[in-house]
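> Fold the following for me, if possible:
(one chain, ligands or ions: 1)
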Amino acid sequence: MPRFSASVSALRSSAIRELMSLASRPDIISFAGGMPGNELFPVEAVEELLGGLDLKTKQAAFQYGPTPGLPSLLESLSGFLEQKGLPVQKNRLMITTGSQQGLSILAKAFVDPGDRVLTEYPCFIGAIAAFRSAGAEIRSIPVDNEGLDIAILQEEAARPDPAKFLYITPYFHNPAGILYSSERKQKLIETLQGRDIPLIEDDAYAGLWFHEEYRERLKPIKAIDPDGIDVCYMGSFSKILGPGLRLGWLLAPPAIYEKCELIKQSADACSPSFSQVIADAFIRSGRIGPYITSVRQEYRRRAACMTTALRNHLPEYVRWSEPRGGFYIWLTLPEGSDSTPILKLAIDGGAVFVTGNTFDPEGKRNNTMRLSYCNNTPEEIERGIPIIARAIRDVCG
Ligand SMILES: Cc1ncc(COP(=O)(O)O)c(C=O)c1O
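As a prediction, the model looks like this:
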């Protein structure tokens with residue numbers, strides 16, 4: 001028997017993953033993935049940009065690059081982030097291999113086995129996995145429609161042995177779909193100030209807002225630049241260009257950045273140069289803004305189609321909120337319900353979603369389910385939602 005490390009031995013394939021393998025039938029309508037629609041990728045624009053590059057740049061695309069990222073991309077991305085008001089000059093910017101790598105790096109930087117970290121409940125599964133594989137004990141703090149529960153955060157912050165960090169996804173949360181209110185962010189800032197609990201702010205869905213009136217809420221905490229908190233801001237090209245590039249970024253205070261760079265060096269030496277050349281050309285060509293606008297409009301259409309279908313088909317006891325951006329709608333069933341038998345019935349009927357316990361660091365709470373609308377045509381949404389609604393009624397009455 002190979003003698004695996006303790007952290008790897010604790011990793012298990014979930015029953016849900018096995019159930020999901022049944023869902024790979026070609027006829028099944030999937031509301032499960034958090035993947036952009038294939039037909040939305042800017043294939044022609046990228047082809048054109050690649051064709052227009054000079055030989056030196058094309059050669060550099062095949063070459064290793066510096067660990068923090070290709071200088072040209074660091075420069076163009078800095079400009080892009082400065083436009084959002086992020087304090088790029090006071091911090092250090094690093095390109096990561098997807099923002100998922102940013103999570104793994106930060107977990108390595110801060111967590112010794114048994115250390116407590118704070119997340120939201122529910123929480124992005126990739127963050128749970130990254131923190132757990134570093135040996136973290138995860139304390140998850142519930143979110144409501146405005147953000148996380150400040151009273152619980154205050155209790156945690158007042159402990160004599162404070163958690164190693166707090167991880168949040170305030171903008172179009174995965175899976176809860178919520179957008180933090182400005183008031184909740186302000187209270188969060190006040191709670192963390194001077195507490196030596198770094199904040200990891202994950203903004204993977206930045207730019208994918210649906211309504212002008214909420215734009216003020218999108219200002220990152222990193223851009224508010226509060227005194228007395230080390231904010232590590234993470235972003236990604238996955239939803240605004242393509243996840244196949246595997247490119248994200250981390251904007252962190254210099255002392256944290258230095259450790260992260262050393263960790264990245266041993267993880268993969270550098271992120272793919274080819275992808276970095278493409279992302280750089282995409283920003284510099286000025287195409288990124290119009291592209292984000294076009295996908296945002298498409299996701300808004302898909303979200304509207306799903307909310308109409310949910311309104312028409314779901315039983316009244318299912319609670320959910322209208323998405324304000326991003327990819328997801330989070331359904332809450334009556335207390336004590338279990339979404340796993342619902343998933344089984346839905347798969348039999350031809351539609352699939354993700355059960356809520358996937359996003360519970362304790363893997364228990366399961367009266368919830370995540371639906372994504374990002375990768376479905378309106379026709380699929382109109383066919384798939386009644387299947388899910390029927391499965392809910394069959395199980396919950
Ligand atoms: C909240 C959140 N953070 C990070 C990621 C990771 O994205 P990537 O590694 O593709 O940049 C995702 C992907 O779905 C996500 O939903």
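> contacts and neighbour counts: CA atoms only from here.
OK.
> in the stretch 51-200 of the chain, which spans are strands?
For the stretch 51-200 of the chain, the strands defined by DSSP state E, counting those that start in this stretch cover 92-96, 116-121, 137-144, 147-148, 166-168, 199-202.
> What strands flank the fourth one, and is each parallel or antiparallel?
Here strand 147-148 is paired, per DSSP bridges, with strand 137-144 (antiparallel).
> Buried residues in the strand it pairs with, which are they?
Applying a neighbour-count criterion of 16 or more other Cα atoms under 10 Å, one finds 137-143 buried in strand 137-144.
> who in this structure is up against the ligand?
34, 98-100, 124, 169, 174, 202, 204, 236, 238, 243, 246-248 (Cα under 6 Å from any ligand atom).
> Among those residues, which are located in helices?
98-100 (DSSP state H).
> Which of those ranks first by neighbour count?
Highest neighbour count within these: Ser99, with 25 neighbours (other Cα atoms under 10 Å).
> Leu247 is in contact with that one, correct?
Yes - proximity of Ser99 to Leu247 meets the contact threshold set by Cα atoms under 8 Å, at 6.8 Å.
> Quickly list what's touching both of those two.
Common neighbours of Ser99 and Leu247 (criterion: Cα atoms under 8 Å, 6 or more residues apart in numbering): Ser236.
> Just give me how far stretch 281-291 sits from the chain centre.
22 Å (Cα atoms, centre = their mean, to the nearest Å).
> average pLDDT for the longest helix along the chain?
Longest helix of the chain, by residue count under DSSP H: helix 288-313. For helix 288-313, the mean per-residue pLDDT is 97.
> relative to helix 288-313, how tilted is the helix or strand following it?
Counting by DSSP states H and E, the next helix or strand C-terminal to helix 288-313 is strand 328-332. For strand 328-332 against helix 288-313, the angle by axes from the mean of the first three to the mean of the last three Cα atoms, to 10 degrees is 30 degrees.
> For strand 328-332, give me every contacting residue.
172-177, 318-323, 367-374.
> filter those residues to the buried ones?
172-177, 318, 320, 323, 367-374.
> where does the nearest residue to Thr307 once chain neighbours are set aside sit relative to the ligand, distance-wise?
Excluding its sequence neighbours, the residue lying closest to Thr307 (Cα to Cα, 6 or more residues apart in numbering) is Glu322, at 6.8 Å. Distance of Glu322 to the ligand, computed by Cα to the nearest ligand atom, to the nearest Å: 18 Å.
> pretty sure Glu322 is touching Ala309, no?
No - contact criterion Cα under 8 Å: Glu322 and Ala309 do not qualify, at 12.0 Å.
> and the residue minimising distance to the centre of the chain, what does it touch?
With distances taken as Cα atoms, centre = their mean, the chain has Ala204 as the residue nearest its mean C-alpha position (4.8 Å). Ala204 sits next to 99, 234-236, 238-239 when contact means Cα under 8 Å, 6+ apart.
> what's the answer for Gly126, then?
Contacts of Gly126 (Cα under 8 Å, 6+ apart): Gln100.
> Tell me, how many residues neighbour Leu166?
23.
> quick one: Ala158 and the ligand, what's the gap?
Taken as Cα to the nearest ligand atom, the span from Ala158 to the ligand is 27 Å.
> mind listing what that residue touches?
By Cα under 8 Å, 6+ apart, the contact list for Ala158 is empty.
> if we can go back for a sec, Throw the strands of the stretch 51-200 of the chain into a markdown table and include mean pLDDT, thanks.
What follows is the strands of the stretch 51-200 of the chain, written out as a markdown table (pLDDT from 0 to 100):
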| stretch | mean pLDDT |
| --- | --- |
| strand 92-96 | 98 |
| strand 116-121 | 98 |
| strand 137-144 | 97 |
| strand 147-148 | 97 |
| strand 166-168 | 98 |
| strand 199-202 | 98 |
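> right, and the ones you listed - which one's nearest Ser181?
strand 147-148 (6.7 Å; Cα to Cα).
> List the neighbours of the closest one that are in contact with it.
Contacts of strand 147-148 (Cα under 8 Å, 6+ apart): 120, 141-142, 170, 178-181, 184-185.
> can you rerun that using 7 Å?
120, 141-142, 170, 180-181, 184 (Cα atoms under 7 Å, 6 or more residues apart in numbering).
> ditto for stretch 163-172
Contacts of stretch 163-172 (Cα under 7 Å, 6+ apart): 110-111, 115-120, 147, 178-180, 197-203, 205-206, 218, 325-326.
> Over to stretch 132-145?
Taking Cα under 7 Å, 6+ apart as the rule, stretch 132-145 contacts 7-8, 107-108, 111-122, 148-149, 152, 178, 361.
> Please pick the buried ones from these.
For the contacts of stretch 132-145, buried by 16+ other Cα under 10 Å: 107-108, 111, 115-122, 148-149, 178, 361.
> Any idea how far stretch 208-220 is from the middle of the chain?
17 Å.
> Give me the mean pLDDT for it.
Across stretch 208-220, the average pLDDT comes to 92.
> which residue packs closest to Leu241, ignoring adjacent ones?
Phe41 (6.7 Å).
> what number of residues lie near that neighbour?
Using other Cα under 10 Å: Phe41 sits among 17 other residues.
> swap in Lys84?
Neighbours of Lys84 (other Cα under 10 Å): 12.
> And the pLDDT for it?
93.
> try Leu81
98.
> What count of nearby residues applies to it?
15.
> What count of nearby residues applies to the nearest residue to it once chain neighbours are set aside?
Nearest residue to Leu81, sequence neighbours excluded (Cα to Cα, 6+ apart): Val88, at 7.2 Å. The number of residues packed near Val88 is 18, by other Cα under 10 Å.
> Can you tell me how far the nearest residue in space to Leu93 that is not next to it in sequence is from Pro71?
Counting by Cα to Cα, 6+ apart, Leu93 lies nearest to Leu251, which is 4.5 Å off, once chain neighbours are set aside. From Leu251 over to Pro71 the distance is 15 Å, taken as Cα to Cα, to the nearest Å.
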